[in-house]
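Chemist: I'd like to go over a predicted model; first the sequence, then the structure.
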Amino acid sequence: MPLLGRRHRLRAIIVTGLRREFKRPATIVATAVGVGLVLVSSIVIVLFLGAFLPGQARDLSFFFVPASNGAILFFVTLMASVVGSALIADDLNSMALTLYLSRPITHADYLVAKAAILAPLISMIAVLPLVLTPFVAALLALFSWTIALEAIGLSLLLGLLFTAFYTSVTLLLSSLTTRKSYAAAGVFAVTFGLTIPADILSSSIGNSTLLYISPWEDYLALARAAFGVSGNELDWPWALAILLAATVVASLATYLRMKAVEVVSG
Amino acid sequence: MFGEVRAVDDLSVAIPEGAIGLVGPNGAGKTTFLRLLLGLVRPTTGSAKVLGHDIAEGVPVRERIGYMPEHDCLIPDMTGVGLVTYMGRVSGLDANTAISRAHDVLQFVGVEEERYRKIAEYSTGMKQKIKLAQAMVHDPQLYIFDEPTTGLDPRGRTEMLDLVRVIARSPGRNVVLSSHLLPDVETICKYIVILDGGHQIAAGELSELLTGSADRLRIDVRGDREAFARQLQEAGIEADATPSGVHVARKPGVEAAIFQTAKALGVEVRYMGREIRSLEEFFLELVQRNEARGA
């Protein structure tokens, strides 16, 4: 019987995974509310710029405002915990991993497919509203297309980096347990357990270096640098290096963890 | 090697086509052997080929293998037909072929209307059938069944063994059956590999292995078996009385001596021929011998 190639096999896992996710009310609610709220709040700020941000110049630096919307952090965390925490943990719990890995796919294929299920859902919150906001602003002639296109490009890069970070960290957490609730708690711990203490400690002892441990602060440092906003307490190259390193290390750790799981047990 | 543990050592066997039984006590290395066949681990030394492909290739090997795991591994929120179709697609079948094959194999294993129900609602027997169906969906050349009758009632066990037997007899299909249940292996397999402590302790045609050496006879008698064996010993014939019969060393003229002794004792000889053991007897004998050698 002729068998199609690796790309087809991965697509089967991704499409089936996304279809299963969009049958879950939690995913639908997280996506709809997350995208809606972030997008609406960003566009409202664009429309009522004068009222919300008096004195704000109509240049690239404006787009730091939607990019630094705290709702992005909350809903990305929510999406990662609702969807991502179960992606590997459920397969470990039901031992369905055995079914996958006894098929003609590799551990890396499996992980790529799982990442490809989670990343589009996270990017709907971390990328889509940020890209749509400059687009709408240019359509309404509130900003020039030159600035809008530049903002779209930068937002895309920033959003994709944030998506990659949350995808890899969430999959690592999901691979460490058979209980998705533990992985979900881990996602919240990474987000708020690092961000809130980093903010409190850095302001109380007056040392901004501590902010590097917060992925959100690293992201904001990059956003400030990208959109040309002053007042950056962190060096953006270090922030970029930390986010990239964390993404790569989490991906490698997930791969090694999956290789260590015994899928055929006796 | 797993850390400092050598799970399978010095295993050198060419397995012919057909149905092969893989047996051994716990910790014998059966699971590691299955992992090797699936290309999920690589030998630290040596090599292995499955259907002409080096196991190090992994994916091309698994394209040709249908694996039915021992443990529960199904995705509970999927339907039976949904899961089997999905596994067909992950194996590389296109969507239409996968659906069509899923229905065919579910029909074959005897899952009828239940195929549209969620797997979480299935009985153990039904789940075993779904596990078998997902292993068959891409029409592999080699099937690996890991304890296929685990948890089944007698009826379910018979049904499952019948299905495995049909697959094993299909032309161009090969079966590796790993089981603790030696009668299952004995009824399905022509060839057997016995592992113990990570070593291969026997491999060969089941019929040849179970048929003892030509220089021993087994005699079934009606009457006092112990006295009969003792009498033979007194006549200078090497003989042992065991629950399975009287075992006698063959030498010229022994048959005549046996009948004379039987007549003298008033014992009826009901069978006399080459020693034939059950797989269980053979297995226990080998494992005991292996333990004694180790001690």
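Modeler: Looks like it came in fine. Numbering: from 1, shown residues only, chains lettered A, B, ... in the order given.
Chemist: what is the helix or strand of chain B with the lowest mean pLDDT packed up against?
Modeler: The element with the least model confidence among the helices and strands of chain B, by mean pLDDT, DSSP states H and E, is helix B:279-294, at a mean of 73. Taking 3 or more CB pairs under 8 Å, 6 or more residues apart in numbering or on different chains; DSSP states H and E as contact, the helices and strands that helix B:279-294 lies on are helix B:182-188, strand B:191-196, strand B:199-205, helix B:206-210. Placement of C-beta: from N, CA and C, glycine included.
Chemist: what's in contact with the last one?
Modeler: What that stands for is helix B:206-210. Helix B:206-210 is touched from outside by B:21, B:186, B:189-192, B:202, B:276-279, B:282, with contacts defined as CB atoms under 8 Å, 6 or more residues apart in numbering or on different chains.
Chemist: what count of nearby residues applies to residue 160?
Modeler: Picking chain A for this. Under the neighbour criterion other CB atoms under 10 Å in any protein chain shown, A:Leu160 is assigned a count of 15.
Chemist: switch to chain B, please.
Modeler: Using other CB under 10 Å, the number of residues around B:Met160 comes to 24.
Chemist: repeat for B:Gly92
Modeler: Burial of B:Gly92, expressed as a neighbour count using other CB under 10 Å, amounts to 23.
Chemist: contacting residues for the closest residue to it other than its chain neighbours?
Modeler: Setting aside the residues directly before and after it, B:Gly92 is nearest to A:Leu3 in space (CB to CB, 6 or more residues apart in numbering or on different chains), at 3.1 Å. Contact criterion CB under 8 Å, 6+ apart gives A:104, B:63, B:91-93, B:138 as the residues in contact with A:Leu3.
Chemist: and for A:Ile117?
Modeler: Taking CB under 8 Å, 6+ apart as the contact definition, A:Ile117 lies against A:13-14, A:17-18, A:21, A:83, A:87.
Chemist: would you format those residues as CSV with secondary structure, neighbour count and distance to chain B included?
Modeler: Compiled in CSV, these are given as follows (DSSP: H, G, I helix; E, B strand; the rest coil; neighbours: other CB atoms under 10 Å in any protein chain shown; distance: CB to the nearest CB, whole Å):
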residue, secondary structure, neighbour count, distance to chain B
A:Ile13, helix, 22, 6
A:Ile14, helix, 18, 11
A:Gly17, helix, 17, 10
A:Leu18, helix, 17, 13
A:Glu21, helix, 21, 12
A:Val83, helix, 25, 14
A:Leu87, helix, 24, 12
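Chemist: pick the one among the residues you listed closest to B:Ala229.
Modeler: Taking CB to CB as the measure, B:Ala229 sits nearest to A:Ile13 out of those, at 65.6 Å.
Chemist: hmm, that closest one is touching B:Val90, no?
Modeler: Yes: contact status for A:Ile13 versus B:Val90: in contact at 6.1 Å, counting by CB atoms under 8 Å.
Chemist: what residues do these two have in common as contacts?
Modeler: Between them, A:Ile13 and B:Val90 share these contacting residues under CB under 8 Å, 6+ apart: A:100, A:105.
Chemist: residues near B:Gln141, how many?
Modeler: Using other CB under 10 Å, B:Gln141 has 14 neighbouring residues.
Chemist: give me phi/psi at it?
Modeler: phi -90, psi -30 (degrees, to the nearest 10).
Chemist: any idea how many residues pack against the residue nearest to it when sequence neighbours are not counted?
Modeler: Take B:Gln141 and drop its neighbours on the chain: the residue closest to it by CB to CB, 6+ apart is B:Arg64, 4.8 Å away. In terms of burial, B:Arg64 registers 18 neighbours under the definition other CB under 10 Å.
Chemist: just the CA trace of the helix or strand hosting A:Arg20, in PDB.
Modeler: The secondary structure element spanning A:Arg20 is helix A:6-21 (assigned by DSSP states H and E). Included here for helix A:6-21 are C-alpha records, laid out as PDB according to Å, rounded to 0.1, in the frame of the first residue of the first chain:
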ATOM      1  CA  ARG A   6       6.600  12.800   6.200                       C
ATOM      2  CA  ARG A   7       5.000  16.200   5.500                       C
ATOM      3  CA  HIS A   8       1.600  14.500   5.000                       C
ATOM      4  CA  ARG A   9       2.000  12.600   8.300                       C
ATOM      5  CA  LEU A  10       2.800  15.800  10.200                       C
ATOM      6  CA  ARG A  11      -0.100  17.600   8.600                       C
ATOM      7  CA  ALA A  12      -2.400  14.800   9.700                       C
ATOM      8  CA  ILE A  13      -1.300  15.300  13.300                       C
ATOM      9  CA  ILE A  14      -1.600  19.100  13.100                       C
ATOM     10  CA  VAL A  15      -5.000  19.200  11.400                       C
ATOM     11  CA  THR A  16      -6.500  16.600  13.700                       C
ATOM     12  CA  GLY A  17      -5.000  18.300  16.700                       C
ATOM     13  CA  LEU A  18      -6.400  21.700  15.700                       C
ATOM     14  CA  ARG A  19      -9.800  20.200  14.900                       C
ATOM     15  CA  ARG A  20      -9.900  18.600  18.300                       C
ATOM     16  CA  GLU A  21      -8.900  21.900  20.000                       C
END
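Chemist: residues touching B:Ile167, list them.
Modeler: By CB under 8 Å, 6+ apart, B:Ile167 lies in contact with B:136, B:143, B:173, B:175.
Chemist: now those as TSV including distance to chain A?
Modeler: What follows is those, written out as TSV (distance: CB to the nearest CB, whole Å):
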residue	distance to chain A
B:Met136	11
B:Tyr143	12
B:Arg173	13
B:Val175	16
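Chemist: what does the least confident helix or strand of chain B rub up against?
Modeler: The set of residues external to helix B:279-294 that reach it, using CB under 8 Å, 6+ apart, is B:23, B:25, B:182-183, B:185-186, B:192, B:194, B:196-197, B:199, B:201-202, B:206, B:209-210, B:244, B:277.
Chemist: can you rerun that using 10 Å?
Modeler: Contact with helix B:279-294 is made by B:21, B:23-25, B:28, B:181-187, B:189, B:192, B:194, B:196-197, B:199, B:201-202, B:206, B:209-212, B:242-244, B:275-278, as judged by CB atoms under 10 Å, 6 or more residues apart in numbering or on different chains.
Chemist: which among those count as buried?
Modeler: Buried subset of the contacts of helix B:279-294 (neighbour count, 16 or more other CB atoms under 10 Å in any protein chain shown): B:21, B:23-25, B:28, B:181-182, B:184-186, B:189, B:192, B:194, B:196-197, B:199, B:201-202, B:206, B:209-210, B:275, B:277.
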